[in-house]
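# let's see this in three dimensions:
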Amino acid sequence: RGVSIPAPASGWDAISPLASMPETAAITLENVFPQPGYVEIRKGHKRHAILGAASIESLMPYHALVASDDKLFAAASTVISNVTTSASTTASIALSGLASARWQHVNFSTSGGNYLWACNGADAPRMYDGTAWATASVVGVTAATVINVGVFKNRIWLVRTGQISPAYLNTDSVQGTATPFDLTGVFDKGGFLQAVGSWSLDAGAGPDDYICFVSSRGEVAIYTGTDPASNFTLKGGKPTVS
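Residues are numbered from 1 along each chain as shown. Down below sits the predicted model:
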């Protein structure tokens, strides 16, 4: 006789005994996603572009002032390729001879236009202006050690390999002198700086955004201010691991 079995909309249950598990729970979930009252089948995929045998390690979108000028770049092995348009032929190479395919990136808007700004901790940072790629001329720190990047108060902030202190560029700038911001003694668990980012208390609706520095040991230092050279103030920190 036929039996009606409800969809496992409650999701995966790895705790309850099988005999007492709700009918809406699943022992395993493969290629389905629980939704309110039903499950959604995982969609398939199709080939967008051909880059060769190397694995793609970074995807970097460029957002232009006009949406039709947006671009998409993929990094694999020692190259960055333009994969904006789906094609059956090998994607065009935009940059080659690179040391790493693991790039961190931001889209940064300046008075001179929009830029895709990327770094990987092995090569000098690169930037794309909507037309061409160029090497960002960063002085004051060793440019090839810049491994992560963030944006706060119209400045690009740089995280450097094996350093606890970040550096920052001038406002409205994608290159130039990078000034270190001393975080020596702020973290008490050691390690190095892992990331930098902004934190808003009101979803970005007001001017009270904070900048957060995250260490490799899970500590977070939170600062407020507009100019790191004159009015940055440490607001607090929250260790996230013991």
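# show me what the helix or strand bottoming out on mean pLDDT in the chain is packed up against.
Between all helices and strands in the chain, the lowest mean by mean pLDDT, DSSP states H and E belongs to strand 233-237, at a mean of 80. Helices and strands touching strand 233-237, by 3 or more Cβ pairs under 8 Å, 6 or more residues apart in numbering; DSSP states H and E, are strand 220-224. The way it works is simple: take the backbone N, C-alpha and C, and place the C-beta from them, glycine included.
# angle of the strand it packs on against strand 233-237?
Angle between the axes of strand 220-224 and strand 233-237 is 150 degrees (criterion: axes from the mean of the first three to the mean of the last three Cα atoms, to 10 degrees).
# C-alpha coordinates for strand 220-224, CSV please?
Only the C-alpha atoms of strand 220-224 are listed here, as CSV (Å, rounded to 0.1, in the frame of the first residue of the first chain):
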residue,chain,number,x,y,z
VAL,A,220,39.6,41.7,17.7
ALA,A,221,40.7,45.3,18.4
ILE,A,222,38.0,47.9,17.6
TYR,A,223,38.8,51.5,16.9
THR,A,224,36.8,54.6,16.0
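# buried set for it?
Neighbour-count burial for strand 220-224, counted by 16 or more other Cβ atoms under 10 Å, picks out Val220, Ala221, Tyr223.
# nearest to Glu30 among those residues?
Proximity of these to Glu30 (Cβ to Cβ) peaks at Val220, which lies at 36.6 Å.
# picking up where we left off before, out of the buried residues of strand 220-224, who's nearest Asn114?
Tyr223 (26.7 Å).
# now do the same contact list for that closest one.
Tyr210, Ile211, Cys212, Phe213, Phe232, Thr233, Leu234, Lys235 (Cβ atoms under 8 Å, 6 or more residues apart in numbering).
# quick check, pLDDT for it.
Per-residue pLDDT puts Tyr223 at 95.
# any idea what it is bridged to?
In this entry, Tyr223 is beta-bridged to Ile211, Leu234, by DSSP bridges.
# gap between it and Val186?
Counting by Cβ to Cβ, to the nearest Å, the gap from Tyr223 to Val186 is 9 Å.
# what's the overlap in contacts for those two?
Residues touching both Tyr223 and Val186 by Cβ under 8 Å, 6+ apart: Phe213, Leu234.
# count of neighbours near Phe73?
24 (other Cβ atoms under 10 Å).
# repeat that for Ser111.
Ser111 is flanked by 6 other residues according to other Cβ under 10 Å.
# residues in contact with the residue found closest to it once you drop the neighbours it is linked to in the chain?
Nearest non-adjacent residue to Ser111, counting by Cβ to Cβ, 6 or more residues apart in numbering: Asp172, 5.6 Å away. Asp172 makes contacts with Thr110, Ser111, Asn154, as judged by Cβ under 8 Å, 6+ apart.
# isn't Leu65 up against Gly112?
No - Leu65 lies out of contact with Gly112 (Cβ atoms under 8 Å); the separation is 11.5 Å.
# Ala143 and Asp182: what is the separation?
Between Ala143 and Asp182 the computed distance is 20 Å (Cβ to Cβ).
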